[in-house]
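Peer 1: how would this look folded up:
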Amino acid sequence: MPCDILILGGEFVSRKTKGLITKIVIFIILLGIAYAYLHPLIYMVSISFMSMRDLANPIVSWIPTELYLDNFKTAWKVLDVPNSIWDSIEMSIIPAIFQTIVTALVAYGLARFEFPLKRLIFFFVIAAFIIPVQVTYVPKYILFARLKLVGTPWSTFLPAMLGQGVKSSIFILLYYRFFSMIPIAFEEAAEIDGANRFEIFYKVILPMSIPMIVVTFLFSFVWYWNETYMAAVFNGDNIKTLPVMLRDFVNRYTAMFPTRDASVENRINEGIRMAATLITIIPLLIVYTILQRRFVEGIERAGITGE
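Peer 2: Got it, this is the predicted structure:
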């Protein structure tokens, strides 16, 4: 009898030890993943506050000897933030709103209605997800040139309004899965109470879809904010967003602060570049911080994690 108790006790201790080891391993893995994601951001913040003296000092690696704000003043001037920030907001928030609404309508129609050519439309949605977007740039440019939309915000707004925005097919598929998970009994109850289809969608479906709406809007906002190639093709030099200004940062800096001799006084350095990058991503961090709770809830309910 004592031996049995000892054996059972040993098994209990063994299981407890294995569980503890498993938790430690998981914690170390998560810590490594967090470091991999946070290291570039921490490095960027650290370097952006360093003066040229700190950058040239091999002893200074992470913590600057002083908070050198001239990097941000210079980057602010080169990026032309007072003007480019408004172009960035216009070219990201407006199409993100259009895309969030239109993709929801398309997905709801596919999820709830039966109509001719439904399978064909679904096929085109999946095809748009698979085909590289760069393939469509030439025909889009020809079409927009004929419509005289090149160089105007409507070259970005119009595709978003028609469900052809940046990665719209992904959101249609996510909305489709989300709407398919909502019990149809809610809609039937609203229909019995006299609600029409629009009222059902607006008063029943949309309030239940707030987390998914936040996910769609946030992803759309980030993708439109960071878009530089499409902006260069369709907007040209007429619209200068922050990421576009950051892409041309070195050329703009050289033009504004020419180096007249061999001195390093006016030369661009890593601190100025990191300050410019930080200025560009700060609006994204602010938006994510505000919508973080809804975003995580939407990720879980939409099943993006693969669960």
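Peer 1: Show me what counts as buried in the helix or strand that contains Ala189.
Peer 2: In this assignment (DSSP states H and E), Ala189 forms part of helix 185-192. Neighbour counts over helix 185-192 (16 or more other C-beta atoms under 10 Å) mark 187, 190 as buried. C-beta here means a position set from N, CA and C on the backbone, and glycine is covered the same way.
Peer 1: So what's the gap between it and the chain middle?
Peer 2: Distance of helix 185-192 from the chain centroid (C-alpha atoms, centre = their mean, to the nearest Å) equals 35 Å.
Peer 1: Send me that helix as PDB with only the CA atoms.
Peer 2: In PDB, the C-alpha atoms belonging to helix 185-192 read as follows (Å, rounded to 0.1, in the frame of the first residue of the first chain):
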ATOM      1  CA  ALA A 185     -33.300  32.800 -36.800                       C
ATOM      2  CA  PHE A 186     -32.300  36.400 -35.900                       C
ATOM      3  CA  GLU A 187     -33.200  37.500 -39.400                       C
ATOM      4  CA  GLU A 188     -36.400  35.500 -39.400                       C
ATOM      5  CA  ALA A 189     -37.500  37.000 -36.100                       C
ATOM      6  CA  ALA A 190     -36.900  40.500 -37.500                       C
ATOM      7  CA  GLU A 191     -38.700  39.700 -40.700                       C
ATOM      8  CA  ILE A 192     -41.800  38.500 -38.700                       C
END
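Peer 1: give me the low-pLDDT residue ranges for the stretch 151-300 of the chain?
Peer 2: For the stretch 151-300 of the chain, the stretches with pLDDT under 70 are 259-266, 294-300.
Peer 1: Packing partners of the helix holding Ala189?
Peer 2: In this structure, helix 185-192 makes packing contacts with helix 197-200, judged by 3 or more C-beta pairs under 8 Å, 6 or more residues apart in numbering; DSSP states H and E.
Peer 1: after the helix it packs on, next one along is what?
Peer 2: Trace forward from helix 197-200 with DSSP H and E and the next one is helix 206-208.
Peer 1: before we move on, which element is the spatially most central residue of the chain in?
Peer 2: Using C-alpha atoms, centre = their mean, the residue of the chain that lies closest to the mean C-alpha position is Val222, 3.2 Å off. In this assignment (DSSP H and E), Val222 forms part of helix 210-226.
Peer 1: buried residues in that helix?
Peer 2: Using 16+ other C-beta under 10 Å as the test for burial, helix 210-226 gives 211-226.
Peer 1: which helices and strands sit right next to that helix?
Peer 2: Short answer (3+ C-beta pairs under 8 Å, 6+ apart): helix 210-226 packs on helix 81-112, helix 168-181, helix 242-247, helix 270-302.
Peer 1: from the chain's centre, how far out does the helix or strand just after the shortest one sit?
Peer 2: Scanning forward in sequence from helix 242-247 by DSSP H and E, the next helix or strand is helix 249-256. Between the mean C-alpha point of helix 249-256 and the mean C-alpha point of its chain there is a distance of 28 Å (C-alpha atoms, centre = their mean).
Peer 1: Ignoring the adjacent residues along the chain, who's closest to the residue nearest to the centre of the chain?
Peer 2: Leu284 (6.0 Å; C-beta to C-beta, 6 or more residues apart in numbering).
Peer 1: if I look at the one you found, how far off is Met212?
Peer 2: For Leu284, the distance to Met212 (C-beta to C-beta, to the nearest Å) stands at 20 Å.
Peer 1: same thing with Val250?
Peer 2: Applying C-beta to C-beta, the value for Val250 to Met212 is 40 Å.
Peer 1: what does Phe234 give?
Peer 2: For Phe234, the distance to Met212 - C-beta to C-beta - is 29 Å.
Peer 1: same deal with Phe98?
Peer 2: As judged by C-beta to C-beta, Phe98 and Met212 stand 16 Å apart.
Peer 1: tell me the domain ranges of the chain?
Peer 2: 2-48, 72-302 (automatic domain parsing).
Peer 1: Val60: which of these is closest?
Peer 2: domain 2-48 (9.5 Å; C-beta to C-beta).
Peer 1: gap between the closest one and the chain center?
Peer 2: On C-alpha atoms, centre = their mean, the centre of domain 2-48 falls 30 Å from the chain's centre.
Peer 1: Quick one: mean pLDDT over it.
Peer 2: Per-residue pLDDT over domain 2-48 has a mean of 75.
Peer 1: and what of stretch 105-122?
Peer 2: 86.
Peer 1: Closest one to Trp62 out of the buried residues of helix 210-226, please.
Peer 2: Trp62 lies nearest to Asn226 out of those, by C-beta to C-beta, at 27.0 Å.
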